[in-house]
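J.: turn this into a structure:
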Amino acid sequence: MDQKISIKIAERTFNLSASSPEQEEVIRLAAEAINRRLDSYTRKNPGKALIELMSMVALNECVRRIYLQRDIDARDEEVKALGSELDNYLKDNVK
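T.: All right, here's what the predicted structure looks like:
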């Protein structure tokens, strides 16, 4: 059963549902991260419209996610290569 939660982003309240305590925690952590990043951009760019600041937050988070996904993909390839090397070693050396 979903739990109703409220979070604040940029002084706006959003009513959401979380399907588990873990999901609630992740949503709250995400909202905190967005607000921290928004505060940082607001201090560095006083007078900018909220939509511009939120666009920069979104861009920054997407760029970060893409870098992390590339890193994960590269590590997956390394794991596959190591698995193949191990299989070949075992095939050649274990009788």
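
J.: ok, the residue most central in space within the chain to Leu59 distance?
T.: Residue closest to the mean C-alpha point of the chain, counted by CA atoms, centre = their mean, is Arg65 at 5.7 Å. Distance of Arg65 to Leu59, given as CB to CB, to the nearest Å: 11 Å. Using the backbone N, CA and C atoms, a C-beta is placed for each residue, glycine as well.

J.: what's near enough to touch Ala10?
T.: Neighbouring residues of Ala10 by CB atoms under 8 Å, 6 or more residues apart in numbering: Ile34, Asn35, Leu38, Leu50, Met54.

J.: can you read off the pLDDT for it?
T.: Per-residue pLDDT puts Ala10 at 94.

J.: what does Lys95 give?
T.: 67.

J.: residue numbering should commence at 19 henceforth.
T.: Renumbered: residue one is now 19, and that last one reads Lys113.

J.: hmm, back to that, and the buried ones among the contacts of Ala28, selectable in ChimeraX?
T.: Here is the ChimeraX command that selects the buried residues among the contacts of Ala28 (16 or more other CB atoms under 10 Å):
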select :52,53,56,72
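
J.: shaky segments in this protein?
T.: By pLDDT under 70, the low-scoring segments of the chain are 113.
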